[in-house]
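Novice: Using only what follows, build the 3D model:
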Amino acid sequence: MNMNMSTSTNTNTRTPVTVLGLGEMGAAIAKALIERGHRTTVWNRTASRAAPLAALGAEVAPTAADAVSASPLVIVCLLDSTAVDAVLGTIDAAASGKVVVNVTSGSPAQARSNAEWARAHDAKYVDGGIMGDPPYVGTPTVRFSFSGDREGFDAHRDVLEGLGTIGYYGEDAGLASVEFLAQVAVGYEFLLGLLHTLALVKAEGADVAAFAERVAGSLSGYVPLVKSFGAAVASGEYGPDLGSLNVQAALMDDLITHRESLGIDTLRMREVKRLMDRRIADGHGDQGLSSLFELLGG
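Specialist: Have a look, this model is predicted:
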């Protein structure tokens with residue numbers, strides 16, 4: 001075991017932390033902890049990945065169980081939930097009394113299962129999601145969502161705040177995953193729609209880069225709309241937000257025809273039009289786009 005210590009004068013007063021998993025994100029987390037003066041113990045299945053962190057002062061444990069035994073706080077950052085399951089199975093005895101914070105991407109159901117594992121082994125479990133890139137860990141740019149054992153989270157909140165901007169979403173361990181997956185999904189939905197639209201603009205011979213600049217400049221206008229959609233869905237009261245569906249439905253025909261004329265995908269636009277027509281037929285043509293929520297999943 002490498003017993004080199006961080007040169008920070010705060011090492012002896014800050015919470016010791018263990019990091020399991022030294023991929024790009026795990027290594028970035030460990031590096032941020034070392035820089036903040038935490039005695040940091042690391043473990044990785046491929047041991048050679050620990051060498052750069054050892055040079056910075058990390059202690060390298062030969063097994064995951066040894067690493068867990070070294071610290072009251074254990075941060076797990078692995079490739080996927082299958083890897084998490086495999087590692088948790090090797091630290092059963094060492095986990096007692098520890099706070100295990102798992103920031104590996106996974107489903108809400110998997111997070112709740114991990115919480116059950118922790119309770120069975122006298123550990124406290126906090127699930128987490130990371131929105132950001134490894135080079136920015138330790139800055140406010142990276143956002144962490146957390147949920148699970150409140151006592152465990154509160155006990156180490158100061159450590160977690162050193163990794164980025166954090167949010168806690170409740171005792172249900174699955175809520176951090178809900179937040180993470182939903183945030184990522186919004187990004188993919190928006191960006192895929194943007195790419196289809198850029199294809200349309202390019203097909204018409206217009207300046208794609210200039211158009212994208214104008215779209216970027218208009219994004220702030222969506223902030224109040226996003227908030228109003230959330231409020232409408234939560235309350236079930238739908239105003240005419242973008243205009244009544246009676247008016248919007250006619251515009252959809254133009255959007256679909258335009259795309260068809262250029263050979264651009266119309267699947268999403270046709271789905272929106274189908275939902276609008278159903279909502280209007282149900283007598284809700286005076287409501288806005290947010291009211292289409294009532295037809296989703298049913």
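Novice: As a check, name the ranges of all strands in this protein.
Specialist: Counting by DSSP state E, the chain has these strands, from start to end: 17-20, 40-43, 59-60, 73-76, 99-102, 124-131, 143-148, 165-168.
Novice: any idea which of these is most buried?
Specialist: Ranked by average neighbour count under the criterion mean count of other C-beta atoms under 10 Å, the strands of the chain are headed by strand 17-20 at a mean of 30. For every residue, glycine as well, the C-beta is placed using N, CA and C.
Novice: Who are the packing partners of it?
Specialist: Counting contacts by 3 or more C-beta pairs under 8 Å, 6 or more residues apart in numbering; DSSP states H and E, strand 17-20 is packed against helix 24-35, strand 40-43, helix 64-69, strand 73-76.
Novice: And for the second one, what's in contact with it?
Specialist: Contacts made with strand 40-43 from outside it, assessed by C-beta atoms under 8 Å, 6 or more residues apart in numbering, are listed as 6, 16-22, 30, 33-34, 50, 53-54, 57-64, 66-67, 70-71.
Novice: Just the buried ones out of the residues you listed, please.
Specialist: By neighbour count, with 16 or more other C-beta atoms under 10 Å, these hold 6, 16-22, 30, 33-34, 50, 53, 57-61, 64, 66-67, 70-71 as buried.
Novice: May I see the strands of the chain organised as JSON lines, with mean pLDDT added?
Specialist: Converted to JSON lines, the strands of the chain look like this (pLDDT from 0 to 100):
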{"stretch": "strand 17-20", "mean pLDDT": "98"}
{"stretch": "strand 40-43", "mean pLDDT": "98"}
{"stretch": "strand 59-60", "mean pLDDT": "98"}
{"stretch": "strand 73-76", "mean pLDDT": "98"}
{"stretch": "strand 99-102", "mean pLDDT": "98"}
{"stretch": "strand 124-131", "mean pLDDT": "98"}
{"stretch": "strand 143-148", "mean pLDDT": "98"}
{"stretch": "strand 165-168", "mean pLDDT": "98"}
